[in-house]
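Asks: Output the structure for:
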Amino acid sequence: MLVVELAFTPAPERLAARPAHRETLGRLHAEGKLFAAGPWQDDQGAMLLFAVERAELQEILEADPYYRRTPGVEVRAIREWAPILGVSR
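Replies: Residues are numbered from 1 along each chain as shown. Presented below is the predicted three-dimensional model:
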């Protein structure tokens with residue numbers, strides 16, 4: 001699994017782009033590619049947990065303009081996660 005950590009600023013462009021981005025997240029979840037996603041409680045960023053290989057994650061990130069071209073959104077980290085409990089693939 002891959003964890004994507006985002007950082008946010010209060011840029012109005014980010015808030016305007018969020019509905020389309022969340023629609024994409026819903027589709028990815030329905031396809032089994034996205035396990036979980038959501039903002040930090042303080043809305044300073046978010047965490048997304050993907051059940052895909054790194055090459056497919058890169059395609060997902062490139063296809064959604066929210067990650068690369070939306071002011072106020074920064075991909076801070078992409079990390080591999082190896083859960084030992086609670087997640088089945």
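Asks: Okay, and Glu62 sits in which element?
Replies: Using DSSP states H and E, the element containing Glu62 is helix 54-63.
Asks: gap between the next helix or strand after that helix and the chain center?
Replies: With elements assigned by DSSP H and E, the helix or strand that comes after helix 54-63 is helix 65-68. In this view, helix 65-68 has its centroid 10 Å away from the chain centroid, taken as CA atoms, centre = their mean, to the nearest Å.
Asks: neighbouring strands for the helix or strand that helix 65-68 is followed by, and are they parallel or not?
Replies: Past helix 65-68, further along toward the C-terminus, the next helix or strand under DSSP H and E is strand 73-80. For strand 73-80, the paired strands and their directions (DSSP bridges) are strand 2-8 (antiparallel).
Asks: which residues touch whichever helix or strand comes after the partner strand?
Replies: Scanning forward in sequence from strand 2-8 by DSSP H and E, the next helix or strand is helix 12-30. Residues outside helix 12-30 that contact it (CB atoms under 8 Å, 6 or more residues apart in numbering) are 8, 34-35, 37, 48, 50, 60, 63-66, 70-73. The way it works is simple: take the backbone N, C-alpha and C, and place the C-beta from them, glycine included.
Asks: Report the two of those residues separated the most.
Replies: Across the contacts of helix 12-30, no pair lies farther apart than Phe35 and Pro71, at 27.6 Å, counting by CB to CB.
Asks: Which one of those two is surrounded by more residues?
Replies: Neighbours around Phe35 and Pro71, counted as other CB atoms under 10 Å, are more numerous at Phe35. The numbers are 19 against 12.
Asks: Look up how far Pro19 lies from that one.
Replies: 21 Å (CB to CB, to the nearest Å).
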